[in-house]
Structures are given as C-alpha cells and as structure tokens.
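*Asks:* Starting from these lines, generate the structure:
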Amino acid sequence: MVSLHFIGVSHNDRSGAERLERALEVEDPVSISVESSLGLVAYMQSPAFRVGREAYLRKLMFYGARPHVTGALRKKFFELDGYDVRVPQEFARKKQIPFFLIDDPAQVEVVKQSIIEETRSLRRDYVANLNIAYARPDLYLEDPYNAQRALWGDAKREAQEVFNNLTHIKGSSGRREDIAAENLRRASEGIEGKFVHVCGAGHLLQDPQYRETLFSKLADFSPTRKLLCDY
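*Replies:* Numbers count the residues shown, from 1 in each chain. Down below sits the predicted model:
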C-alpha cells in the first residue's frame, strides 16, 4: 500500500538544497515526484533561460544595482533555482528508485512569460529598494517559511490563502492542480511504501470544501505534509 507524503518547499530557499537532501534521507522514500515537467526542466537548462536572466541582470545594472545585489541574484538564478528538482532527481538516481515529473506541461509558458515581464517591468525605484534590502541581512536572509508557518494548522486562514491565490494555483490552463493530481495518482499505482512529492508549500494548503489544491484533491490517500524548514 502506498503512503503519500508531501514536502512543502519555498522555491527561494537559499538553504533549500541542503535541507532537501536531509529531508529525503529522513523520509527514505521508495518513489519521488516533483513539481516540474519535461518542458520546464529543458527550459531551465537551455540557452534561452540564461539569455533571459542575463538580460534582467544587465537592466538591473543599468538602473544602478550594486554588485552585491547582482552577485546574489546571479547565484540565485544559475546555482540555487531548481534545487527542488535537482536534489530529488539525484537522490532517486543514487537510490535507484522511480522519479516522476508531474506538473502541468503548460506551466513552462507561464515561467517564460514571467521572466519576460519581470525584466520589462523593472524600474529604477525598485532597484533602489533592492540595494537597501540586500544590504540588510535581516531582510535579505528572512526565513521564506515564516508566512507558511503562520498559516498551517489554521483551517480558516489556509482556506483564505487558497482563495487569495486561486489564479496562481490553477495555472494558465485552469487545471494545473487537476493535472498534477491525475499524474501523481498514475505514478503511485503499484507502489508499495512511502511515495514523496516535493512541491511549493502553497500547493499543500488544506481546502476541504472546494478541493482546489493538490493536497486536498488527494485527500483520499490520507496524505501527510511537512514544511522543508522543519527537517
């Protein structure tokens, strides 16, 4: 019988790779899936992704970004981003267990457009604020899980957060969570033991009334969940 466990991550977790390595060792799953698709993985590794991010960094510098800002963002874009796919994939390879990409394939276009829009909308006043924020370790290194910690376990607040972020949760196709749930159900067929799914913590909010989130759509599995920071 399969036992489904979710690890909720922040995609901006600067310590995410180390935390996730530890979490997977603790959970010791027999199968793993992640919040990504073949198209998105290919894009993140493509020259087009690097070109888009380099354009963003050049515009930052044009608007006066300090070297410590561009340096930190360069590391984020090209070293840290995607840890929540790379680490589980490497774990699965070492342990010789199944590894699945279950996200909506349409999501790659959302990511592409968000990078274009992020660069297009960049303004001098925003860069000035970045210079200030990245000079303040208490802001720059703020725990990315604080908001989720405050929500989890409070049924009303979790449901309200789902409502507030419904457009993002549904994705461009309007069926992002449905597609992920269907793919995860198929991936879990025939699995005996713990199946771990790694995804953004927002997909794990409890929404028992409308079942809009991935976690709620798979409630019949009686899944468990844990934030990455709690390992």
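*Asks:* Go ahead and confirm Phe99 touches Glu90.
*Replies:* No: with contact defined as Cβ atoms under 8 Å, Phe99 does not reach Glu90; the gap is 9.5 Å. C-betas here are computed from N, CA, C, even on glycine.
*Asks:* pretty sure Asn131 is in a helix, no?
*Replies:* Yes: applying DSSP: H, G, I helix; E, B strand; the rest coil, one finds Asn131 inside a helix.
*Asks:* check contacts around it.
*Replies:* The contact partners of Asn131, by Cβ atoms under 8 Å, 6 or more residues apart in numbering, come to 64-66, 69.
*Asks:* neighbour-wise, which of Phe99 and Glu90 wins?
*Replies:* Using other Cβ atoms under 10 Å as the criterion, Phe99 and Glu90 rank with Phe99 on top: 17 against 14.
*Asks:* so who does the more buried one touch?
*Replies:* By Cβ under 8 Å, 6+ apart, the neighbours of Phe99 are 31-34, 88-89, 92-93.
*Asks:* Next: Tyr83.
*Replies:* 13, 16-17, 20.
*Asks:* do the same with Gly193
*Replies:* 2-3, 29-31.
*Asks:* backbone phi and psi for it, please?
*Replies:* For Gly193, the backbone dihedrals (degrees, to the nearest 10) come out as phi 120, psi -160.
*Asks:* next one: Val198
*Replies:* With angles defined as degrees, to the nearest 10, Val198 shows backbone torsions of phi -110, psi 120.
*Asks:* Give the bridge partners for it, please.
*Replies:* For Val198, the beta-bridge partners under DSSP bridges are Ile7, Val34.
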